[in-house]
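Peer 1: A predicted structure for the sequence below; I have some questions about it.
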Amino acid sequence: MSFQAYLDAIERKTGRTPRALVELARERGFGPGTKATPILEWLKEEFELGRGHGMALVHVITKGPEISDAHVGSTGAHADASATLWLDGAATNPNR
């Protein structure tokens with residue numbers, strides 16, 4: 001599953017865009033420098049997200065939407081269309 005596919009699945013499950021979840025995380029004091037565990041616990045408790053999906057959000061919350069370009073343009077299950085993740089909802093993603 002691509003990084004973007006994880007974020008799209010999170011949106012379907014929670015009804016919130018990744019950007020909205022990042023904003024909620026910031027309101028709770030999560031951001032750069034926050035360890036994964038408290039973020040994962042919050043996502044599990046409030047949104048019933050598992051570790052895999054939670055770790056995708058941990059990356060965005062703590063490091064922003066930029067990812068390694070190692071899989072950009074590649075083929076296969078982990079390929080992403082861009083090294084910048086789209087946080088504003090799957091329906092508005094221009095990379096689709």
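Peer 2: In hand now; what should we look at?

Peer 1: contacts only, for Leu85.
Peer 2: Phe3, Gln4, Leu7, Pro18, Val60, Pro65, Glu66, Ile67 (C-beta atoms under 8 Å, 6 or more residues apart in numbering). All C-beta atoms are positioned from the backbone trio N, CA, C, and that covers glycine.

Peer 1: measure it to Glu45 for me?
Peer 2: Distance, Leu85 to Glu45, using C-beta to C-beta, to the nearest Å: 24 Å.

Peer 1: ok, now Thr75?
Peer 2: 37 Å.

Peer 1: Pro32 and His59 touch, don't they?
Peer 2: No: judged on C-beta atoms under 8 Å, Pro32 makes no contact with His59 at a distance of 11.4 Å.

Peer 1: where's the residue lying closest to Ala79 once chain neighbours are set aside relative to Gly31, distance?
Peer 2: Nearest residue to Ala79 in three dimensions, chain neighbours excluded: His71, at 5.2 Å (C-beta to C-beta, 6 or more residues apart in numbering). Counting by C-beta to C-beta, the gap from His71 to Gly31 is 25 Å.

Peer 1: and these two? which has more neighbours close in?
Peer 2: Comparing His71 with Gly31 by neighbour count (other C-beta atoms under 10 Å), the higher total belongs to His71, at 17 against 14.

Peer 1: for the residue nearest the centre of the chain, list the residues it contacts.
Peer 2: Against the mean C-alpha coordinate of the chain, by C-alpha atoms, centre = their mean, the closest residue is Leu57 at 3.5 Å. Listed by C-beta under 8 Å, 6+ apart, the contact set of Leu57 reads Leu7, Ile10, Pro18, Leu21, Val22, Ala25, Ile39, Leu43, Leu49.

Peer 1: quick one: the residue of the chain positioned farthest from its centre and Glu46, what's the gap?
Peer 2: The C-alpha centroid of the chain is most remote from Thr75, which lies 20.6 Å away (C-alpha atoms, centre = their mean). Using C-beta to C-beta, Thr75 is found at 36 Å from Glu46.

Peer 1: having no further points to raise, I will conclude here.
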